[in-house]
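Peer 1: quick one, fold the following:
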Amino acid sequence: MILISPRTAENLYWMGRYIQRAESMTRLVISTFDKILDQNPDEGNALYATLGLNVSYQSPQDFLRKAVIELEYVSLLSIIECARENAILTRPSLPNRMFSRINALYMKYQAAKEDVSCISIFWLESTLQELDAIWGNLDLSLIQSKEIPYIQLGKIVEKIDLDIRLFDSLEAAILDVEKVNVLATKLSVNHKKFNISTSDKLKVLHAINSIYTNLSQPSHEA
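Peer 2: All right, here's what the predicted structure looks like:
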């Protein structure tokens, strides 16, 4: 059995989380931009308030630029940078095409940072297509691979986290709990089945974000 080092396993997990975060936030930025234009000029403030941020902007385009490039730590650029960093650290474990797509998306964001005039809703929608292609490449390239459960677990954990933080929805999270248990069981025979048994959202967030840490993986076998 080929083993995955603890560091590589963790980087694969976080790469999955950051790619999912990039996809979810890109979709939210697109829908929020539309709402700022058509419904409520303060919709962008409401979005980032759920993340504990106070964001000011002068126009819909200004909101788009801040969300894509300027918001430190939470900009789409920052998220893509984190995904790429983890991809670099797990480079030997990734197929060439998947790594190339992640790197190409990063370069696209770097170019936008140098020339912010290119940032538009159409540009952002094109990055969403690239993110969809990354997931598609994962499905095609890593079937039966030892790496896939780590990446998929990161993807599902991130989805649950954002459903709770951004939408205040435990119901959506409950639908994904069994996926977490299936993947965690693949990674550790000692995994204790995870259930959402409380309506306290902070406790649920702590529990779901502790899933990977709590997995007992002495050999990190898939």
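
Peer 1: SS state for residue 198?
Peer 2: Following DSSP: H, G, I helix; E, B strand; the rest coil, we place residue 198 in the coil state.

Peer 1: what is the burial count for it?
Peer 2: 11 (other CB atoms under 10 Å). For every residue, glycine as well, the C-beta is placed using N, CA and C.

Peer 1: nearest residue to it other than its sequence neighbours?
Peer 2: residue 204 (6.5 Å; CB to CB, 6 or more residues apart in numbering).

Peer 1: tell me how far that neighbour lies from residue 194.
Peer 2: Using CB to CB, to the nearest Å, one gets 10 Å for the distance from residue 204 to residue 194.

Peer 1: ditto for residue 59
Peer 2: 44 Å.

Peer 1: confidence score at residue 192?
Peer 2: Looking at residue 192, its pLDDT stands at 83.

Peer 1: how about it, secondary structure?
Peer 2: coil.

Peer 1: quick check: phi and psi on it?
Peer 2: Per-residue torsions, residue 192: phi -90, psi 130 (degrees, to the nearest 10).

Peer 1: could you pick out the longest helix of the protein?
Peer 2: helix 6-38 (DSSP state H).

Peer 1: list the contacts for residue 67?
Peer 2: Listed by CB atoms under 8 Å, 6 or more residues apart in numbering, the contact set of residue 67 reads 25, 29, 32, 44, 75, 76.

Peer 1: recalculate using a threshold of 6 Å.
Peer 2: Counting by CB atoms under 6 Å, 6 or more residues apart in numbering, residue 67 touches residue 29.

Peer 1: ditto for residue 168
Peer 2: Taking CB under 6 Å, 6+ apart as the definition, residue 168 has no contacts.

Peer 1: cutoff 8 Å now
Peer 2: Contacts of residue 168 by CB under 8 Å, 6+ apart are residue 201.
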